[in-house]
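Provided below are the primary sequence and the corresponding predicted coordinates.
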Amino acid sequence: MEIVSRRFPPEKPILLMPVGDIQWAGDESEIALSMLQKHIQWGVDNNAYFLGMGDYIDTFSPSNRAEIKSAKLYDTARKALDQSAEKMVKEIYEKALKPSRGRWLGMLEGHHFHEFLDGTTSDQMLTRMLSTTFLGSSAYVRLMFDGGAGKVGTVLVWCHHGTGGGRRLSAPLNQLDQLPTHFAGDIFLVGHHTKKVAAPLDFCEPVFGNKAGPSLRHRTKILACTGGFLKGYRVGSVHGLVPRGNYVEQKMLNPVALGGVLIRIRPRWKDVGKHTPERRQVWLPDLSVEL
């Protein structure tokens, strides 16, 4: 698990846009490219920060990579595969992601990626092109807000590409709902399911130390599955000369949710013990999510 931190000015709200499950394979008709381009540009225009959720290009699944390794291909054949994957990474960067360079908090590894001859991956290549940090399988991303007088408020994001399946909208939420029992965090994110679902999770805790007596502090955590941009059912879909849908259609899966989610984070310090010598400020950020 990787752990990274990013410091932000006090009082200024920020927008967080997780982006993943693009699965670019070189055919513009297979993904919602125009939607992705507008999504990224809107984020750039509104000073949002992006978080990569994996599956940026659609090359090889884990089982495919295992088959390739067992095939004992010549280096020339492996180099040809490297060149193909490198081409796809450069294409999705130029076609959609380039305007966001420098605005990514980090990028997770997905299931679909290519492993180059030197051992690095296509996910790492895209991470370098976007000038950010490769987060591997899962990560904590700590967002820090200066509060003055030595105070720092934090919003902790737990993120993972995701795993498993489930046709119902509740499937990723059922998976996410388990996490706050075992992991600290304010925002919990997964991709993989290509569903756009989210839920607030409210917590209540006592606050002691006031002459006026104890009080209660309420905090809201966010659980969210972050959507995707690979199309499911398409009219006229073909493989070569054969009318045939992609794996979503072949497996009779539910239509996918295209697009991503938007998380708003507003730094907030609340006064506790007003009009008493024990007056102090407690960190209570406002978190909300839009689908």
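That came through, no problem. Predicted model, so just to flag it, every value in this text is computed and none were measured. Numbering: from 1, shown residues only.

from now on I want contacts and neighbour counts done on CA atoms only, so please keep to that.
OK.

quick one: the helices in the stretch 51-200 of the chain, in order.
Secondary structure of the stretch 51-200 of the chain (DSSP state H, counting those that start in this stretch): helices at 62-71, 75-92, 122-129, 170-176.

and the second one, average pLDDT?
Taken as a whole, helix 75-92 has a mean pLDDT of 93.

that helix: which residues count as buried?
By 16 or more other CA atoms under 10 Å, the buried positions in helix 75-92 come out as 78, 81-82, 85-86, 88-92.

now swap in the third one and tell me
Residues of helix 122-129 classed as buried: 122-127 (neighbour count, 16+ other CA under 10 Å).

export stretch 55-73 as CSV, just CAs?
Extracted in CSV, the C-alpha atoms of stretch 55-73 (Å, rounded to 0.1, in the frame of the first residue of the first chain):
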residue,chain,number,x,y,z
ASP,A,55,-7.6,0.2,-16.3
TYR,A,56,-6.6,3.1,-18.5
ILE,A,57,-5.8,1.0,-21.6
ASP,A,58,-7.3,-2.4,-22.5
THR,A,59,-4.4,-4.6,-23.3
PHE,A,60,-4.0,-7.8,-21.1
SER,A,61,-5.9,-9.1,-18.2
PRO,A,62,-4.0,-11.1,-15.5
SER,A,63,-4.8,-14.4,-17.2
ASN,A,64,-3.7,-13.0,-20.6
ARG,A,65,-0.4,-11.8,-19.1
ALA,A,66,0.2,-15.2,-17.6
GLU,A,67,-0.4,-16.8,-21.0
ILE,A,68,2.0,-14.5,-22.7
LYS,A,69,4.8,-15.3,-20.1
SER,A,70,4.2,-19.0,-20.5
ALA,A,71,4.4,-18.7,-24.3
LYS,A,72,8.1,-17.9,-24.2
LEU,A,73,8.0,-15.5,-27.0
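
give me the contact list for it.
20-25, 85, 88-89, 92, 109-115, 123, 192 (CA atoms under 8 Å, 6 or more residues apart in numbering).

for that stretch, buried residues please.
For stretch 55-73, the neighbour count (16+ other CA under 10 Å) marks 55-60, 65 as buried.

then stretch 131-139?
By 16+ other CA under 10 Å, the buried positions in stretch 131-139 come out as 132-139.

that stretch: end-to-end distance?
18 Å (CA to CA, to the nearest Å).

please enumerate residues in contact with it?
With CA under 8 Å, 6+ apart as the test, stretch 131-139 has contacts from 1-4, 101-110, 123-124, 127, 158-161.

figure out the helix or strand that the closest residue in space to Arg167 that isn't next to it in sequence lives in.
Nearest residue to Arg167, sequence neighbours excluded (CA to CA, 6 or more residues apart in numbering): Asn254, at 6.6 Å. Following DSSP states H and E, there is no helix or strand that holds Asn254.

could you give the number of residues near Asn254?
If you count neighbours by other CA atoms under 10 Å, Asn254 ends up with 15.

number of residues surrounding the closest residue to Ser100 other than its chain neighbours?
Using CA to CA, 6+ apart and skipping the chain neighbours, the partner closest in space to Ser100 is Val44 (6.0 Å). The tally of other residues near Val44 (other CA under 10 Å) stands at 16.

what's in contact with the helix or strand where Val44 lies?
Under the criterion of DSSP H and E, Val44 resides in helix 33-45. Residues outside helix 33-45 that contact it (CA under 8 Å, 6+ apart) are 17, 49-50, 95-97, 99-100, 103, 229, 259-260.

quick one: that helix to helix 75-92, angle?
Counting by axes from the mean of the first three to the mean of the last three CA atoms, to 10 degrees, helix 33-45 lies at 60 degrees to helix 75-92.

roughly how far is helix 33-45 from the heart of the chain?
15 Å (CA atoms, centre = their mean, to the nearest Å).

cool, and stretch 233-253?
What separates the centre of stretch 233-253 from the centre of its chain is 27 Å, taken as CA atoms, centre = their mean.

got the end-to-end distance for it?
Stretch 233-253 has its terminal residues 9 Å apart, counting by CA to CA.

contact partners of that stretch?
With CA under 8 Å, 6+ apart as the test, stretch 233-253 has contacts from 167, 232, 254-255.
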